[in-house]
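In: sequence first, then the predicted structure:
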Amino acid sequence: MTVEVQSLKLARSLILILILFAIVIVLEYTTPSNYVFGYLYTGAILIASSRLSRRATFQVTTIASLLTLANLWIPLGEISSLPTIANRIIAVIALIVTGILGDRNRLYQTKLLQQQTRLRSQEQLSQLREDFISTLTHDLKTPLLGAIETLNSLDRFGEITDTQKTVFNVMKRSHQTTLKMVEMLLDVYRNDAEGLHLNLEPINLANLAEEVLLMLRDLATTRRVCLNVGYEASEFRRNLWVKGDRLQLQRVFTNLVTNSINHSPRGERVSILLESNSSYQTVKVIDAGLGIPADVLPHLFERFYQGHSDRQATGSGLGLYLSRQIIEAHHGTIWAENLSPQGAMFAFRLAAIPPERPS
């Protein structure tokens, strides 16, 4: 059916072109040659360029140009004056320019349609991927939550030995880590698709840093890594007030500190250094690991990027990317750099606000 419709459209276009040619030929060859009607061939050329092939457009333009020039001698058989010749040459040039522009416009329209088709395909693929990730993460969360709850309730069914308790705790931590990765994956794709919605309020980054260190104390103890908070060159505690989303900024702290713990040798220290001035608040997470290769640094905060460094642990490549999403949503800056003689620093900076006063 499609082929028949295309053939019908092609036939209609050819008939319309022939009708236009016939009208112009009658006007041209029944009037003196100083009356130039060849400009009217542009209608046929535009129809050919929009509905027919490039070859057909070239043929129509060539025939129209030859017929326009031929009217200098046919049907009278007289040599026309110089102004008449100039007028007809100008008309031929106009016909050629019309053919060229019509062809370029057709090519542009073709490329535009191809680009639109490609964009629609990419949007459909992106939507399919989002649906797949959403379904996958939902289906994975249910059994993980069930397994964690089962492990939590095992001690209710009787006495268990210390060895069994240790094994159960390891299993529970493993399931909880997997659950966090699943939730992180879902959050990353949701943020990319819908944007990150923030619940902004005054936040003291010093309090947040201390809370995160308490949360990660067991992980640090397991890795035999010491955690501490510092305040620039002074040991005196300071408040660093910003306007942000408490939960999201806590996730940034957790991601950066966990990353540093995982990449620190046993017996080393991970420090959170808090710096403040009138314009912005800066948080630096410093470890004593092997550092980051120079070619990896520019890509650290890309989605799923894990690099090829010699640092000990590897992850999903989502934690740093999610941290970047959160900090950028707060209109802040996040970066990483190597320290001398060894170690790495992950830092972010947010705009400062005046200190909160108790009501």
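Out: Arrived safely. Residues are numbered from 1 along each chain as shown.
In: check which helices and strands the lengthiest helix in the chain sits against.
Out: Assignment by DSSP state H gives helix 82-152 as the longest helix of the chain. The contact analysis (3 or more CB pairs under 8 Å, 6 or more residues apart in numbering; DSSP states H and E) places helix 82-152 against helix 41-51, helix 54-70, helix 162-194. Just so you know, the C-beta spots here come from the backbone N, C-alpha and C atoms, and that holds for glycine as well.
In: between helix 41-51 and it, find me the angle.
Out: 20 degrees (axes from the mean of the first three to the mean of the last three CA atoms, to 10 degrees).
In: what does the pLDDT read for H263?
Out: Here, the pLDDT recorded for H263 equals 88.
In: so it sits against G343, correct?
Out: No: H263 is not in contact with G343 according to CB atoms under 8 Å; the separation is 9.4 Å.
In: pull up the overlap in contacts between these two.
Out: Both H263 and G343 are contacted by D287, G289, under the criterion CB atoms under 8 Å, 6 or more residues apart in numbering.
In: between those two, who's got more neighbours?
Out: H263 (25 against 21; other CB atoms under 10 Å).
In: I334 pairs with what?
Out: Residues in a beta bridge with I334, per DSSP bridges, are F348.
In: got the contact list for it?
Out: Counting by CB under 8 Å, 6+ apart, I334 makes contact with V252, F301, S323, R324, I327, E328, F346, A347, F348, R349.
In: of those residues, just the buried ones, PyMOL syntax please.
Out: The PyMOL command for the buried members of these (criterion: 16 or more other CB atoms under 10 Å) is given here:
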select buried, resi 252+301+323+324+327+346+347+348+349
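In: can you add pLDDT and distance to L69 and give the contacts of I334 back as CSV?
Out: Shown next, in CSV, are the contacts of I334 (pLDDT from 0 to 100; distance: CB to CB, whole Å):
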residue, pLDDT, distance to L69
V252, 93, 76
F301, 85, 67
S323, 91, 72
R324, 92, 67
I327, 94, 70
E328, 93, 65
F346, 95, 76
A347, 95, 75
F348, 96, 74
R349, 95, 73
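In: what about T161, neighbour count?
Out: T161 has 8 nearby residues by other CB under 10 Å.
In: for it, give its distance to Q250.
Out: As judged by CB to CB, to the nearest Å, T161 and Q250 stand 36 Å apart.
In: which residue sits closest to L46, ignoring its sequence neighbours?
Out: G102 (5.4 Å; CB to CB, 6 or more residues apart in numbering).
In: correct me, but T61 touches A94?
Out: No: using CB under 8 Å, T61 makes no contact with A94, being 10.7 Å away.
In: ok, those two, which is more surrounded?
Out: T61 (25 against 17).
In: now the more buried one: closest residue in space that isn't a chain neighbour?
Out: Closest to T61 by CB to CB, 6+ apart is G99, at 3.5 Å.
In: OK, contacts around that neighbour?
Out: I45, S49, T57, F58, V60, T61.
In: hmm, 10 Å instead?
Out: Contacts for G99 (CB atoms under 10 Å, 6 or more residues apart in numbering) come out as 41-42, 45-46, 48-49, 54, 57-62, 64-65.
In: give the contact list for R54.
Out: Contact analysis of R54 by CB under 10 Å, 6+ apart lists A48, G99, G102, D103, R106, L107.
In: distance of it from A11?
Out: From R54 over to A11 (counting by CB to CB), the distance is 19 Å.
In: what ranges does the stretch 251-359 of the chain have for its helices?
Out: 319-329 (DSSP state H, counting those that start in this stretch).
In: C-terminal to the helix or strand of the chain with the lowest mean pLDDT, what's the next element?
Out: Every helix and strand in the chain was compared by mean pLDDT, DSSP states H and E; the lowest is helix 162-194, with a mean of 72. The helix or strand immediately downstream of helix 162-194 is strand 200-204, counting by DSSP states H and E.
In: circling back: common neighbours of T61 and A94, please.
Out: Contacts common to T61 and A94, judged by CB under 10 Å, 6+ apart, are Y41, T42, I45.
In: let's have those residues in CSV, adding pLDDT.
Out: Below are those laid out as CSV (pLDDT from 0 to 100):
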residue, pLDDT
Y41, 86
T42, 86
I45, 85
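In: how about the residues you listed in CSV, adding neighbour count and distance to S121?
Out: Below are the shared contacts of T61 and A94 laid out as CSV (neighbours: other CB atoms under 10 Å; distance: CB to CB, whole Å):
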residue, neighbour count, distance to S121
Y41, 28, 40
T42, 20, 37
I45, 28, 34
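In: closest one of these to T222?
Out: Proximity of those to T222 (CB to CB) peaks at I45, which lies at 78.9 Å.
In: so how far is G291 from N34?
Out: In this view, N34 and G291 are 86 Å apart by CB to CB.
In: tell me which of the two has more neighbours.
Out: G291 (22 against 14).
In: shaky segments in the stretch 151-300 of the chain?
Out: Low-confidence segments of the stretch 151-300 of the chain, defined by pLDDT under 70: 155-158, 177, 181, 184-185, 189, 191-194, 233-235.
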